[in-house]
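>>> Next comes the sequence, and after it the predicted model I'd like to discuss.
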Amino acid sequence: MPPTGKPLLILGIETSCDESGVALYDTSRGLLGHKLHSQVAMHADYGGVVPELASRDHIRRVLPLTRELLAECGLQLADINAIAYTQGPGLAGALLVGASIAHGLAYALGIPAMGIHHLEGHLLSPLLADPAPTFPFVALLVSGGHTQLMRVGGVGDYELLGETVDDAAGEAFDKTAKLLGLGYPGGPEIARIAEHGMPGKFKLPRPMLNSGDFNFSFSGLKTAVLTAARDKTLSDADKADLAAEFQAAAVDVLVAKALAALEKTELNQIVVAGGVGANLRLREQLTTRAAKMGCHVFYPPLALCTDNGAMIALAGGLRLSRAGGAPQAKLAFTVRPRWDLDELGPA
Ligand code: KG4
Ligand code: ZN
């Protein structure tokens, strides 16, 4: 086991949903590289992720991706000091694939495997950007399964400020896209057709905009789209206008609450993480309005907004650095398909 202070090379493995991601993170040199296989095309015919297909595809992808990545970085399995894998939350079967591979490989190499919280990976991913934020900061986590505002004091120091009381923002994008007959995943599809539409032609609510807390609600917004779509046959132009108004409504609420969280915490940095963070309207509005308050917004590099191995390797590396070295290798493991971020302990 490497002594305290020596740089550590961490292999990160992400398999919580429909992306197989691997990455190599060096605690002194940073991210060396990452590789991703998206299953989006495979699930597209079904309009959403089919868990069994996802698990089977992860089995096929993780080791070949790891071999390719090592070769590209001029490294070998024997150079790796620890393996970080997504332990949860996510699809149980998909998580088990990553956990089994991580533990099997770690056992063969005589190194530890460490389970990482998927959302911690997303939360910390803006640290891979240049410039990167410094602790403490506010984090807006907007993915397909979560919408949360957190105060991040350091690695493992997460205080939940507010969250969605029903659908996640990404889920609302996905469901709305389905209602409009668009493909999966819905977020990029809504964003794409919204470019040709005008917000305001249809009128949608801004749920909980003035609720005075940091919670969100997106299910009413989706229902309002359903009502608007049901009343008439929508032309392509109507769909574009509806998508534009839906996107504007979701972004208005996300931005207003994010800015309110900055005010309340008296912090001047906010990071946006998770797949919806790829939304350009959200980026533009938040960046402009935060700047007016003297605050900075940080995003992960665009390729690392959605699920990836780099954020898992990074979280593993930061935890190891803070712990002063790799933990003892353990043979037993579990996955945690349901796992609240505030149950996580400090690094
Ligand atoms: O973080 P992520 O890759 O997976 C989860 O952990 O959920 O987020 C996926 C979500 C999906 O709901 C997808 O529709 C949404 O992120 N998304 C977007 C955009 N790109 C991806 N939503 C809005 N605008 C986008 N450009
Ligand atoms: Zn995710």
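Thanks, I have the structure now. Residues are numbered from 1 along each chain as shown. Ligands and ions are numbered 1, 2, ... in the order given.

>>> Tell me the residues of the chain that contact ligand 1?
Within reach of ligand 1 by CB under 6 Å from any ligand atom, the chain has these residues: 17, 143-145, 170, 173-174, 185-188, 191, 274-276, 278-279, 306-307. (C-beta placed from N, C-alpha, C; glycine too.)

>>> Just the buried ones from those, in PyMOL syntax?
In PyMOL, selecting the buried portion of these, with burial taken from 16 or more other CB atoms under 10 Å, looks like this:
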select buried, resi 17+143+144+145+170+173+174+185+186+187+188+191+274+275+276+278+279+306+307
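
>>> Which members of the residues of the chain next to ligand 1 are positioned in strands?
The members of these all map outside strands under DSSP state E.

>>> Next up, the contacts around residue 259.
By CB atoms under 8 Å, 6 or more residues apart in numbering, residue 259 lies in contact with 286, 289-290, 293, 295.

>>> in the strand or helix carrying it, what's buried?
Per DSSP states H and E, residue 259 falls inside helix 236-265. Neighbour-count burial for helix 236-265 flags 238-262, 265 (criterion: 16+ other CB under 10 Å).

>>> Can you list the buried residues in stretch 68-83?
69-70, 73, 75, 80-83.

>>> How about the residue of the stretch 101-250 of the chain found nearest ligand 2: what's its closest non-neighbour residue?
Residue nearest to ligand 2 within the stretch 101-250 of the chain (CB to the ion): residue 143, separated by 4.4 Å. Distances taken as CB to CB, 6 or more residues apart in numbering place residue 274 nearest to residue 143, at 3.3 Å, with adjacent residues excluded.

>>> List phi and psi for the one you found.
As for residue 274, its main-chain torsions (degrees, to the nearest 10) stand at phi 100, psi 160.

>>> tell me the contacts of it?
122, 141-144, 146, 170, 305.

>>> Check the residues you listed and tell me the two furthest apart.
146 and 305 (13.7 Å; CB to CB).

>>> Looking at these two, which is more packed in?
Between residue 146 and residue 305, counted using other CB atoms under 10 Å, the more crowded position is residue 305 (24 against 21).

>>> any idea how far residue 194 is from the more buried one?
18 Å (CB to CB, to the nearest Å).

>>> same deal with residue 268?
30 Å.

>>> and the contacts of residue 274, which of them are in helices?
Among the contacts of residue 274, the ones falling in helices (DSSP state H) are 122, 170.

>>> Turn the contacts of residue 274 into TSV, including pLDDT and distance to residue 61.
What follows is the contacts of residue 274, written out as TSV (pLDDT from 0 to 100; distance: CB to CB, whole Å):
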residue	pLDDT	distance to residue 61
122	93	21
141	95	26
142	96	26
143	91	21
144	90	20
146	90	24
170	96	23
305	89	20
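
>>> Tabulate the contacts of residue 274 (TSV), appending distance to residue 317.
Shown next, in TSV, are those (distance: CB to CB, whole Å):
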residue	distance to residue 317
122	15
141	20
142	24
143	22
144	25
146	23
170	26
305	20
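
>>> Just the closest of the contacts of residue 274 to residue 54, please.
residue 144 (13.1 Å).

>>> pretty sure that closest one is in contact with residue 171, am I right?
Yes: using CB atoms under 8 Å, residue 144 is in contact with residue 171, at 5.8 Å.

>>> number of nearby residues for residue 206?
Neighbours of residue 206 (other CB under 10 Å): 14.

>>> no, scratch that, I was asking about residue 24
26.

>>> Also residue 346?
Neighbour tally, residue 346, other CB under 10 Å: 12.

>>> what does residue 203 give?
10.

>>> For it, which three-state class applies?
coil (DSSP: H, G, I helix; E, B strand; the rest coil).

>>> list the contacts for it?
Residue 203 sits in contact with residue 245, where contact means CB under 8 Å, 6+ apart.

>>> For whichever helix or strand residue 161 is part of, name the packing helices and strands.
Using DSSP H and E, the element containing residue 161 is strand 157-163. Secondary-structure packing of strand 157-163 (3 or more CB pairs under 8 Å, 6 or more residues apart in numbering; DSSP states H and E): strand 147-154, helix 236-265.

>>> so how far is the last one from its chain's centroid?
Relative to the centre of its chain, helix 236-265 is centred 19 Å away, using CA atoms, centre = their mean, to the nearest Å.

>>> got the angle between that helix and strand 157-163?
Per axes from the mean of the first three to the mean of the last three CA atoms, to 10 degrees, the angle that helix 236-265 makes with strand 157-163 is 130 degrees.

>>> hey, where'd the helices end up in the chain?
40-44, 51-73, 92-109, 118-124, 169-179, 186-194, 219-231, 236-265, 280-292, 310-323.
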